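Test case, fold it:
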Amino acid sequence: MKYFSTRDKSLKFSFKDIFLRGLAPGGGLFLPIEIKKYNQEELNNLSKLNYQDLAAEIIFNFCKEEVSKNQLKSLIEKSYSSFKNKDVVNLKKLGDINLLELYNGPTLAFKDIAMQVIGNLYDHLKIAKEKTVNIVVATSGDTGAAAIAALNNRKNINLFVLHPHNKISSVQRKIMTTIGSSNIYNIAIKGSFDDCQKIVKELFNDDNFRSKINMSGVNSINWSRIVCQIVYYFYSYFKLKKDNISFSVPTGNFGDIYAGYVAKKMGLPINKLIVATNENDILQRTINKGEYKPDKVKPSISPSMDIQVASNFERLLFYAVGEDDQKVNLLMDHLSKKGFFKLDESTIQNIKKDFEAVKINDEATQSIIKNINDEFDFIIDPHTATGFGAAKKIKGLENIVVLGTAHPFKFKDTVKKATGKNLEAPFHLKMDVDKKEKFDIIENSNSQVKNYILSKVK
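Okay, here's the model as predicted:
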């Protein structure tokens, strides 16, 4: 399997190459040359598998040159051995909506499902065998914790996590900052997640710096994250046993819902993918009106979605413009120079074949948390609540699955305000969030982050 860039189809990279690099040369994102499409008989066979074996079958399509299927099965079993649920995820019925709980991993968020596999892939691919790898990642709250849990104490790996200072929940921050291992560095940037993400992209595009520190990344732009997330779309479809299924996904960086789009391209009979945003609604505006124009980030009670530059949208854009890499180049260049780009009507309609988009504000989010608790005696987090809100607003869809992206304990203050309930930490949270925190506060500056990393790299 070879990979190319959304901005240059002539490039050819191996899975190991793109796993290490994350971002393609020139700033594009990696995509596979081909995507396996399952026929009905193959789907029937996949439906008989447990989650781990299903994951091995699907992920193998994208990395078969580097990993044998047996090796991959063993790696996946190890990755999910610490999850609360032996099936990794579970489907719960709440009225006419199906909730797919994705937060059974060590840091209580869907990010664990991909990150635990990625941590073990670093070992299997021997990426850090001869030279220390320095991984730099931006987080809007959950990716950083999942990366730390996956890479903590790994030999010859350092992890630098950039998060927006005072713009994530205290529990999100503490899960990251109370792990005191010597290979983990938490950096609080005086800015937004978009600022953190911009710095990381700039570092990746700096060939000299990237080479000097042997840099790698595990943000949602890393294709391996997408690949692991494809699996639970298949799994929930097989569990629900209903055709014409749709998914409502709380969306910030567009990675999780893009995995659903790939699942559809692989033959899964998905009707619609519903993009649920908070007030940071760039994706809702783009899908409904065609203008991709980042605005100032608005702090919300669903902070992991406080994003105005949805990086993975470029992958969808590539297909929406007819797989024209030069057109993608022009659009992204216009975004860089003018601060926005405008889609033509045919491109908008191509996107709308598969996607709906809805904005849910903070007031509605709190009401949804309260109503779900009142009606079902069940608590959801604010991100998942936007997924419920979006699912209710779209008419004419049946068999909707809302992706439950985080455990409500991570947002216990918001939950208490909405429901009056004090949440206790779930038993599968292994971290002691009352330990002393360890992080450094840095200005929103590319050069300051570079200097910080260089001062820590041995």
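
Where do the strands of the stretch 351-458 of the chain begin and end?
For the stretch 351-458 of the chain, strands defined by DSSP state E, counting those that start in this stretch occupy the ranges 355-359, 400-404, 440-442.

so which of those gets nearest Lys298?
The minimum distance between Lys298 and the strands of the stretch 351-458 of the chain falls on strand 355-359, with 11.2 Å, by Cβ to Cβ. Every residue, glycine included, has its C-beta placed from N, CA and C.

Return the list of strands paired to that closest one, each annotated with direction.
strand 270-277 (parallel) (DSSP bridges).

by how many degrees do the partner strand and strand 400-404 diverge?
Per axes from the mean of the first three to the mean of the last three Cα atoms, to 10 degrees, the angle that strand 270-277 makes with strand 400-404 is 40 degrees.

Tell me the helix or strand right after strand 270-277.
Next helix or strand after strand 270-277 toward the C-terminus (DSSP states H and E): helix 282-289.

Can you give the distance from that following helix to the centre of its chain?
Distance of helix 282-289 from the chain centroid (Cα atoms, centre = their mean, to the nearest Å) equals 19 Å.

any idea of the mean pLDDT in that helix?
When pLDDT is averaged over helix 282-289, the result is 97.

hmm, back to that, which one, of the strands of the stretch 351-458 of the chain, ends up nearest to Gly141?
Evaluated over the strands of the stretch 351-458 of the chain, closeness to Gly141 peaks at strand 400-404, with 15.5 Å, by Cβ to Cβ.

per-residue confidence averaged over the closest one?
For strand 400-404, mean pLDDT is 98.

And it, what's buried?
For strand 400-404, the neighbour count (16 or more other Cβ atoms under 10 Å) marks 400-404 as buried.

so what's Gly389 up against?
Residues in contact with Gly389 (Cβ atoms under 8 Å, 6 or more residues apart in numbering) are 276, 358, 360, 364-365, 368.

Just give me the neighbour total for Gly105.
29 (other Cβ atoms under 10 Å).

Among the contacts of Gly389, which one has the most neighbours?
Greatest neighbour count in those, by other Cβ under 10 Å, goes to Ala276: 34 neighbours.

So the closest residue to it other than its chain neighbours versus Leu283, what's the distance?
Of all residues not flanking Ala276 in the chain, Ala390 sits nearest, at 3.6 Å (Cβ to Cβ, 6 or more residues apart in numbering). Distance of Ala390 to Leu283, given as Cβ to Cβ, to the nearest Å: 11 Å.

about what we covered before: and the buried residues of strand 400-404, which is closest to Thr107?
Looking across these and measuring by Cβ to Cβ, the closest to Thr107 is Gly404, at 14.5 Å.

tell me the contacts of the closest one?
Contacts were defined as Cβ under 8 Å, 6+ apart; by that measure Gly404 touches 99-103, 110, 380-381, 384, 387.

did I read that right, Ala146 in a helix?
Yes: according to DSSP: H, G, I helix; E, B strand; the rest coil, Ala146 belongs to a helix.

I'd like to know how far it sits from Leu102.
11 Å.

Reformat the strands of the stretch 351-458 of the chain as a markdown table; add distance to Val231.
Listed next are the strands of the stretch 351-458 of the chain as a markdown table, based on distance: least, Cβ to Cβ, whole Å:
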| stretch | distance to Val231 |
| --- | --- |
| strand 355-359 | 21 |
| strand 400-404 | 13 |
| strand 440-442 | 36 |
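
wait, Val402 sits on Asn98?
Yes: using Cβ atoms under 8 Å, Val402 is in contact with Asn98, at 7.0 Å.

Can you get me a residue count around Thr419?
Residues lying near Thr419 (other Cβ under 10 Å) number 18.

quick one: contacts for the nearest residue to it once chain neighbours are set aside?
Leaving out its chain neighbours, the residue that sits closest to Thr419 by Cβ to Cβ, 6+ apart is Asn373, at 4.6 Å. Each residue near Asn373 by Cβ under 8 Å, 6+ apart is listed here: 379, 418-419, 421.

try 10 Å this time
Asn373 is in contact with 379-380, 408, 415, 418-421, counting by Cβ atoms under 10 Å, 6 or more residues apart in numbering.

and Lys92, helix, strand or coil?
Here Lys92 is strand, with the state taken from three-state DSSP.

Kindly provide the distance from the spatially closest residue to it that is not a sequence neighbour to Ala385.
Of all residues not flanking Lys92 in the chain, Leu99 sits nearest, at 4.6 Å (Cβ to Cβ, 6+ apart). For Leu99, the distance to Ala385 (Cβ to Cβ) stands at 11 Å.

Quickly list what's touching both of these two.
With Cβ under 10 Å, 6+ apart, Leu99 and Ala385 have common neighbours 372, 402, 404.

Extract the residue ranges of this protein that are flagged as low pLDDT.
Applying pLDDT under 70 to the chain picks out residues 180, 430-431.

can you rerun that using 80?
Applying pLDDT under 80 to the chain picks out residues 180, 430-434, 458.

hey, which helix is longest across it?
Secondary structure of the chain per DSSP state H: the longest helix is helix 223-240.

Can I get that helix as CSV, trimmed to CA atoms?
Extracted C-alpha coordinates of helix 223-240, given in CSV (Å, rounded to 0.1, in the frame of the first residue of the first chain):
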residue,chain,number,x,y,z
TRP,A,223,-3.5,8.6,8.9
SER,A,224,-3.1,5.8,11.4
ARG,A,225,-5.5,7.6,13.7
ILE,A,226,-8.2,7.6,11.0
VAL,A,227,-7.6,3.9,10.2
CYS,A,228,-8.2,2.8,13.8
GLN,A,229,-11.4,4.9,14.1
ILE,A,230,-12.9,3.3,11.0
VAL,A,231,-13.4,0.1,12.9
TYR,A,232,-16.1,1.2,15.3
TYR,A,233,-18.3,2.4,12.5
PHE,A,234,-18.3,-1.1,11.1
TYR,A,235,-18.8,-2.7,14.5
SER,A,236,-21.8,-0.6,15.5
TYR,A,237,-23.4,-1.3,12.1
PHE,A,238,-23.0,-5.0,12.7
LYS,A,239,-24.3,-4.7,16.2
LEU,A,240,-27.3,-2.6,15.3
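
Measure how that helix sits relative to strand 270-277, angle-wise.
Taking the same axes, to 10 degrees, one finds that helix 223-240 is oriented at 120 degrees with respect to strand 270-277.

Any buried residues in helix 223-240, and which?
For helix 223-240, the neighbour count (16+ other Cβ under 10 Å) marks 223-239 as buried.

same question, stretch 159-171
Neighbour-count burial for stretch 159-171 flags 159-165, 167-169, 171 (criterion: 16+ other Cβ under 10 Å).

Which member of the residues you listed is positioned nearest Pro426?
Closest to Pro426, out of all of the buried residues of stretch 159-171 and judged by Cβ to Cβ, is Val171, at 11.4 Å.

Now the closest one. Nearest residue, chain neighbours left out?
In space, Val171 is closest to Lys410, 4.7 Å off (Cβ to Cβ, 6+ apart).

Likewise for Leu403?
Excluding the flanking residues, the one nearest Leu403 by Cβ to Cβ, 6+ apart is Val249, at 4.9 Å.
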